[in-house]
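> Only the shape, not the letters, is given here:
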């Protein structure tokens, strides 16, 4: 596991963009394609915008396939849609072909959408080497990641699937990759910034081992996992060194 802490969010985003490009170029050079799982929420927006503005000519974007670690159960045109955020800030500016974008079909019921996305992923890996090249994750202030929320039934899933989940405290349905599916990724990168994430970061690294309370603890924490934090997000850790 690599823990990298940066003085500012801007430095963190720049370092993550460099990392993304390095991982993508390596996979494309060796296997002629790169599969990446995007995180939801607002955290990756700045990274997407930086990739578009400064890294557009540093990657062969036609050889990158995009997936989503989770999705809100809303139409793809809804402002809460993870797909829409990626479309507006990454896909459209880079003219990514639709056949390289694997979005969750939220026109189906939550259960049907989850099953279809599982099948889409299985079909993809029947033609490519198994396992995503990179899974990008965020971290909620309650230590959830993807849509693996504290107290939800999906935390108990032991198979590498996509599942529907009802998040009672938000009164919403979500579709999410399970922890076993995320952990099949060759590389996992957490992109976390802001003082409001400090307690969750502390819980992951220094809190009690309790995945039911801190679901992000289910994600592997070995040499294939990278953490990108700003100083605010890392402020509750006892030991950390600024990069």
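Yep, that arrived. Everything numeric here is computed off the predicted structure, so don't read it as measured data.
> Any regions of this protein where pLDDT drops low?
Counting by pLDDT under 70, the chain has low-confidence residues at 239-243.
> In it, which helix is the longest?
Under DSSP state H, the helix in the chain containing the largest number of residues is helix 9-31.
> chain center to that one: distance?
In terms of CA atoms, centre = their mean, to the nearest Å, the centre of helix 9-31 is set 14 Å apart from its chain centre.
> Also stretch 163-178?
Distance, centroid of stretch 163-178 to centroid of chain: 16 Å (CA atoms, centre = their mean).
> Between its first and last residues, what's the separation in it?
End-to-end span of stretch 163-178 (CA to CA, to the nearest Å): 7 Å.
> For that stretch, buried residues please.
163, 164, 165, 167, 173, 174, 175, 176, 177, 178 (16 or more other CB atoms under 10 Å). Glycine gets a C-beta too; all of them are placed from N, C-alpha and C.
> that older thread, which residues touch the longest helix of the chain?
With contact meaning CB atoms under 8 Å, 6 or more residues apart in numbering, helix 9-31 is reached by 4, 6, 33-36, 46-47, 50-51, 54-55, 58-60, 63-64, 129, 133-134, 187, 189, 191, 193-194, 226, 228-230, 243.
> In PyMOL, how would I select just the buried ones from those residues?
Buried residues within the contacts of helix 9-31, by 16+ other CB under 10 Å, are selected in PyMOL with:
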select buried, resi 4+6+33+34+35+36+46+47+50+51+55+59+64+133+134+187+189+191+193+226+228+229+230
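> If we ignore the residues flanking it in sequence, what's nearest residue 213?
Among residues not flanking residue 213 along the chain, residue 150 sits closest, at 5.5 Å (CB to CB, 6 or more residues apart in numbering).
> Test my guess that that neighbour contacts residue 212.
Yes - using CB atoms under 8 Å, residue 150 is in contact with residue 212, at 6.7 Å.
> about what we covered before: want to try TSV for the buried residues of stretch 163-178, with secondary structure as columns?
Shown next, in TSV, are the buried residues of stretch 163-178 (DSSP: H, G, I helix; E, B strand; the rest coil):
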residue	secondary structure
163	strand
164	strand
165	strand
167	strand
173	strand
174	strand
175	strand
176	strand
177	strand
178	coil
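> how far away is residue 7 from residue 197?
Using CB to CB, to the nearest Å, residue 7 is found at 16 Å from residue 197.
> which SSE is residue 112 in?
helix 110-125 (DSSP states H and E).
> which residues touch that helix?
35, 65, 67, 71, 73, 102, 104-106, 108, 131, 161-164, 166, 173-175, 181.
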